[in-house]
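**Student:** Take a look and give me a structure for this.
(chains A and B)
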Number of protein chains: 2
Amino acid sequence: MRVHPMWNSFPALQADLANVLELIDTHIRVRDKTIEKTIKDLVHSGGKLLRPAYSLLCAEIGPEYDKEKATAVAAALETLHMATLVHDDVIDGATTRHGIPTIHTTHGNQIAIYSGDYLFSVTFTLLSRHATSLAHLEFNSRSMEKILSGELDQLHSRFKPPESVKNYLSRISGKTAQLFAVSCYSGAIESNASRRNTMNAWNMGHYIGMAFQIMDDILDYKGNEKTVGKPVMADVQQGIYTLPLIYAMQSNRKTLKPILEKQEALTDQDMQIILRTIEEEKGLEKAQQLAERYTKKALKELNKLPNGTYKDTLYQITTSLLNRNL
Amino acid sequence: MRVHPMWNSFPALQADLANVLELIDTHIRVRDKTIEKTIKDLVHSGGKLLRPAYSLLCAEIGPEYDKEKATAVAAALETLHMATLVHDDVIDGATTRHGIPTIHTTHGNQIAIYSGDYLFSVTFTLLSRHATSLAHLEFNSRSMEKILSGELDQLHSRFKPPESVKNYLSRISGKTAQLFAVSCYSGAIESNASRRNTMNAWNMGHYIGMAFQIMDDILDYKGNEKTVGKPVMADVQQGIYTLPLIYAMQSNRKTLKPILEKQEALTDQDMQIILRTIEEEKGLEKAQQLAERYTKKALKELNKLPNGTYKDTLYQITTSLLNRNL
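**Tutor:** Numbering: from 1, shown residues only, chains lettered A, B, ... in the order given. Sure thing, here's the model as predicted:
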């Protein structure tokens, strides 16, 4: 199993992640072999596997590390993530992900919708076969509800005037931070970590997810297609107004409001004005500062966890995410 | 809670089904209240609630009838069914269901896709909160996989030459009979029925589902929009070739083949020819006979269940489905 090269300097974790992919692969069984191959290709399309990585590392927090169980939980988190990506790509009309054509591009929306559904069902098979308790599973289902409720929220607020920073944070908390929190929490709880440490893991995951999404939103303004894997300023074109723009809007509403209220698609000139205003109002810097604050909070929770080398790996991954040099 | 009038002559069951709807309703919580209302409206849009009805009745098979648990399991089965319907409607471009505009018609495909996903997650929350065991849950997840694998199969075989009767039966077994089998099985197992009776319930549900889908496919050729809730011959227009057409094709390939191989949309005249050929070759009668055979098999399994008045209700519902006078 080929695992993303960002893990090359963590060979033990990389091997564990290869097992996660292997386990997912064995669970994908569709009678129609073309579709089975499409879904399996998605599994091996080179996603970063951040959520399973955090989950595996957090499975070393408690006293009862169980490799088989940890692998299954990590696999469930990744299939859940993949399921939402497949549906997100249909919804956004995204044509590629990680440079590979999306399922709805090659096979149509119909196959893509059911493939996402299929991956959801694999998530729950994995969890119910390997997770410790129904309580944990209920927790995961409720988290999934929250994630979807967050996505529904975001959809409904598209092309509406940029919201407050507070609303933005609440939206990304549901959309992204929830799954990072669940990943860390699941690892911790399945290893029978103490109540306090399980909470630390949850909080750490939440803060990491917040920082991750803010960085992702910053990169949408300044990244290139290769780093981010999607065209620059894709969000604003789809009516998704993120933190850098919200900050700019707070200081220079006059310039931005008429552009964002336009009924037609944004022109190149509109995009230039938006980008310039964000630069002038230091929207990217302010957003970066907030991402740093969240990363610091994450590291503070990390420090409270029991000692072990897994903490160093968690530290390295988390700080690298902020600089996106992973 | 308004429950479908087909249950008017079963007032006790009707009251239990009202509780099922009530429980689903309390589980739908989305921050965006417009979307929450849309999903809740779907819950109350007057579906027949066949799957929860079978599940509730089969919860009387075993010695440990637990009303709260039976209600939760029935609710999970209905949300799972609703989730697949929402996505099916997106995929088929269906504009109404039960005479009410579909979610993707009123709110767009995007909201519809996430609403379906949301309903999937509610299914698993309900099951993990109330079901007995992880083994039972795993069973449900795997069934969901099979259902989706069946749907993927059907999608991929669209507009391909009509398959054999055997392939058709295998396809509807995954697409429809699986969920009826799971419904009966879940009721039985949660009431701690004997292994033998749980198997009887599973088989009964499977046969009922087979008969139900064949009848549904027959009605697509002869029903009217009011009975079936969709336009006549919708399937063949979408490239889905069902049993009556498969039988007709076996006896008169010459007439049908050129029409079904056309690359353009079928004309009214094409449809007339298809319908006439099916009538001439007795495709509907032959399909009806097979549905009757499955119903008989279902009743044979029903007879093996422990005595109780629930058996009479099961008998009445099952025979009525065949005549579709429920």
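
**Student:** Flag the shaky bits of the stretch 1-150 of chain A, pLDDT-wise.
**Tutor:** By pLDDT under 70, the weakly predicted segments of the stretch 1-150 of chain A are A:1, A:131-132, A:134.

**Student:** what are the ranges of the strands in it?
**Tutor:** A:96-97, A:100-101 (DSSP state E, counting those that start in this stretch).

**Student:** which one of these lies closest to chain B?
**Tutor:** With C-beta to the nearest C-beta, the closest approach to chain B among those belongs to strand A:96-97: 16.6 Å. All C-beta spots, glycine's among them, are computed from the backbone N, C-alpha and C.

**Student:** burial of A:Ser173, as a residue count?
**Tutor:** Other residues near A:Ser173 come to 17 when the count uses other C-beta atoms under 10 Å in any protein chain shown.

**Student:** That one and A:His206: what is the separation?
**Tutor:** 7 Å (C-beta to C-beta, to the nearest Å).

**Student:** rewinding a little: deepest-packed of the strands of the stretch 1-150 of chain A, please.
**Tutor:** Mean neighbour counts were taken over the strands of the stretch 1-150 of chain A using mean count of other C-beta atoms under 10 Å in any protein chain shown, and the top value, a mean of 17, falls to strand A:96-97.

**Student:** Okay, now the sheet partners of that one, with direction.
**Tutor:** Strand A:96-97 has the following sheet partners, assigned by DSSP bridges: strand A:100-101 (antiparallel).

**Student:** For the strand it pairs with, give me every contacting residue.
**Tutor:** The contact list for strand A:100-101, computed with C-beta atoms under 8 Å, 6 or more residues apart in numbering or on different chains, reads A:41, A:45-46, A:95.

**Student:** Among those, find me the one that's closest to chain B.
**Tutor:** Sorting the contacts of strand A:100-101 by how near they are to chain B, with C-beta to the nearest C-beta, puts A:Asp41 at the top with 14.8 Å.

**Student:** in the sheet, who's paired with the spatially closest residue to that closest one that is not a sequence neighbour?
**Tutor:** Spatial nearest neighbour of A:Asp41, excluding adjacent residues (C-beta to C-beta, 6 or more residues apart in numbering or on different chains): A:Ile100 at 7.6 Å. When assigned by DSSP bridges, A:Ile100 has beta-bridge partners A:Arg97.

**Student:** Double-check A:Val86 against A:Leu42; I have them as touching.
**Tutor:** Yes: here A:Val86 reaches A:Leu42: they are 7.1 Å apart, a contact under C-beta atoms under 8 Å.

**Student:** Show me the two of the contacts of strand A:100-101 that sit farthest apart.
**Tutor:** Of all pairs drawn from those, the one with the largest separation by C-beta to C-beta is A:Gly46 and A:Thr95; the distance is 16.6 Å.

**Student:** which residue does the stretch 201-326 of chain A bring closest to chain B?
**Tutor:** Of all residues in the stretch 201-326 of chain A, A:Gln238 sits closest to chain B, with a separation of 10.4 Å (C-beta to the nearest C-beta).

**Student:** Can you report how many residues lie near that residue?
**Tutor:** For A:Gln238, the count of nearby residues is 15 (other C-beta under 10 Å).

**Student:** Neighbours of the closest residue to it other than its chain neighbours, how many?
**Tutor:** The shortest distance from A:Gln238 to any residue other than its chain neighbours is 6.2 Å, reached at A:Asp92 (C-beta to C-beta, 6+ apart). A:Asp92 has 16 neighbouring residues, counting by other C-beta under 10 Å.

**Student:** Minimum distance to A:Thr123: which of the strands of the stretch 1-150 of chain A has it?
**Tutor:** Using C-beta to C-beta and comparing those, the one that lies nearest A:Thr123 is strand A:96-97, at 18.8 Å.

**Student:** Those residues of the stretch 101-250 of chain A touching chain B, which are they?
**Tutor:** A:109-111, A:113-118, A:120-122, A:124-125, A:127-129, A:131, A:133-135, A:137-138, A:140-142, A:144-145, A:148-153, A:155-156, A:174 (C-beta under 8 Å from any C-beta of the partner chain).

**Student:** hang on, the earlier thing: I'd like to know which of the contacts of strand A:100-101 are buried.
**Tutor:** Among those, those classed as buried by 16 or more other C-beta atoms under 10 Å in any protein chain shown are A:Ser45.

**Student:** Out of the contacts of strand A:100-101, name the ones that lie in helices.
**Tutor:** Residues from the contacts of strand A:100-101 lying in helices, with DSSP state H as the criterion: A:Asp41.

**Student:** can you tell me the average pLDDT over whichever strand or helix holds A:Val182?
**Tutor:** Secondary-structure assignment from DSSP states H and E places A:Val182 in helix A:178-190. Mean pLDDT, computed over helix A:178-190, is 93.

**Student:** okay, the angle between the helix or strand following it and helix A:178-190?
**Tutor:** The element immediately downstream of helix A:178-190 (helix or strand, assigned by DSSP H and E) is helix A:195-222. Relative orientation of helix A:195-222 versus helix A:178-190 (axes from the mean of the first three to the mean of the last three C-alpha atoms, to 10 degrees): 150 degrees.

**Student:** what helices or strands is helix A:195-222 leaning on?
**Tutor:** Helix A:195-222 makes packing contacts with helix A:50-58, helix A:165-172, helix A:178-190, helix A:225-228, helix A:234-237, helix A:243-251, helix A:283-303, helix A:309-323 when contacts are defined by 3 or more C-beta pairs under 8 Å, 6 or more residues apart in numbering or on different chains; DSSP states H and E.

**Student:** Now do the helices in the stretch 1-150 of chain A.
**Tutor:** Under the criterion DSSP state H, counting those that start in this stretch, the stretch 1-150 of chain A carries helices at the ranges A:11-27, A:33-43, A:50-58, A:67-92, A:103-130, A:134-156.

**Student:** so which of the ones you listed is the most packed in?
**Tutor:** Using mean count of other C-beta under 10 Å, the stretch among the helices of the stretch 1-150 of chain A with the greatest mean number of neighbours is helix A:50-58 (a mean of 28).

**Student:** before we move on, back to that, mind saving the C-alpha coords of the helix holding A:Val182 as CSV?
**Tutor:** What follows is helix A:178-190 as a C-alpha-only set of coordinates in CSV (Å, rounded to 0.1, in the frame of the first residue of the first chain):
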residue,chain,number,x,y,z
GLN,A,178,-15.4,17.7,15.0
LEU,A,179,-13.8,14.8,13.0
PHE,A,180,-10.3,15.7,14.2
ALA,A,181,-11.7,15.7,17.8
VAL,A,182,-13.4,12.4,17.2
SER,A,183,-10.3,10.9,15.7
CYS,A,184,-8.2,11.7,18.8
TYR,A,185,-10.9,10.8,21.2
SER,A,186,-11.6,7.5,19.5
GLY,A,187,-8.0,6.5,19.7
ALA,A,188,-7.8,7.5,23.4
ILE,A,189,-11.0,5.8,24.5
GLU,A,190,-10.3,2.5,22.7
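
**Student:** Output the contacting helices and strands for it.
**Tutor:** helix A:50-58, helix A:67-92, helix A:134-156, helix A:195-222.

**Student:** From the chain's centroid, how far away is the first one?
**Tutor:** In this case it means helix A:50-58. When distances are taken as C-alpha atoms, centre = their mean, to the nearest Å, helix A:50-58 is centred 12 Å away from the chain's centroid.

**Student:** And the contacts of it?
**Tutor:** Counting by C-beta under 8 Å, 6+ apart, the neighbours of helix A:50-58 from elsewhere in the structure are A:7, A:13, A:16-17, A:20, A:70-71, A:73-75, A:77-78, A:81, A:179-180, A:183-188, A:191, A:193, A:201, A:205, A:208, A:212, A:310, A:313-314, A:317, A:321.

**Student:** Now the residue positioned nearest the centre of chain A. Nearest residue, chain neighbours left out?
**Tutor:** Note on chain A: the residue nearest the mean C-alpha position is A:Thr176, at 5.2 Å, using C-alpha atoms, centre = their mean. If you skip the residues right next to it in sequence, A:Thr176 has A:Gln213 as its closest partner in space, 4.0 Å away by C-beta to C-beta, 6+ apart.
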